[in-house]
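> give me a model of this one.
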Amino acid sequence: YRGAFYFFVVIFAYWSGVNAVLPLVSIYLRDILGASVGEAQLLPSLLLLSTTVMALPAAWLGTRYGKRRVLAGGYIVMGLAALAALFITTKEQGAVVFVLAGTGNAATMVLTIPILADLVPRRHIGLANGIQAAAGSVAAPLASLVAGVLAETFGPRAIFGLMAFMVLVA
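Next comes the predicted model:
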């Protein structure tokens, strides 16, 4: 199933970008934006909250305008959030970026399985879902290693450059 294979590559690229940021985002918030330890934990929760709030609208948009189109839109929004994070200087700007990222992330969380169901026969959906999960799971440690090297060399802000690039690849 060639379409499913390419989709697994897309998922690997997307989660590589996201997982490049996750381990170092608290350090970025504290060292670059001047957030307290508590704020460094609170700001990323805005991403999760906006993902939750936007899940049903993303599903509706996917049904109305097409799953692939809305998923691509989610990737674009997430990529724009990563680019914005390269330039922000305040916690308030960070809050806006996290809400924006959560909006894009909602499309990826909601539409991945429905698209996968379009790409493989029903009898293979369990295996395909397992491969999809593995693609994201393999991406996590690899992205963390690369992001760690980039952050050490260029500073914590560099993680968002890697994220933007990987989301663009996705």
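> hey, let's count contacts and neighbours off CA atoms from now on
Fine.
> most distant residue from the centre of the chain?
R123 (28.6 Å; C-alpha atoms, centre = their mean).
> distance of that one from T103?
Per C-alpha to C-alpha, to the nearest Å, R123 is found 32 Å from T103.
> measure stretch 25-43 end to end?
Stretch 25-43: ends 10 Å apart by C-alpha to C-alpha.
> buried residues of it, list them for me.
Neighbour counts over stretch 25-43 (16 or more other C-alpha atoms under 10 Å) mark 25-30, 32-33, 35, 40, 43 as buried.
> got it, and stretch 148-161?
So stretch 148-161, judged by 16+ other C-alpha under 10 Å, has buried residues 148, 150-151, 156-161.
> hmm, back to that, so what's the residue farthest from the centre of the chain up against?
R123 makes contact with no residue under the criterion C-alpha atoms under 8 Å, 6 or more residues apart in numbering.
> and with 10 Å instead?
A117 (C-alpha atoms under 10 Å, 6 or more residues apart in numbering).
> need the pLDDT of it.
At R123, the model reports a pLDDT of 95.
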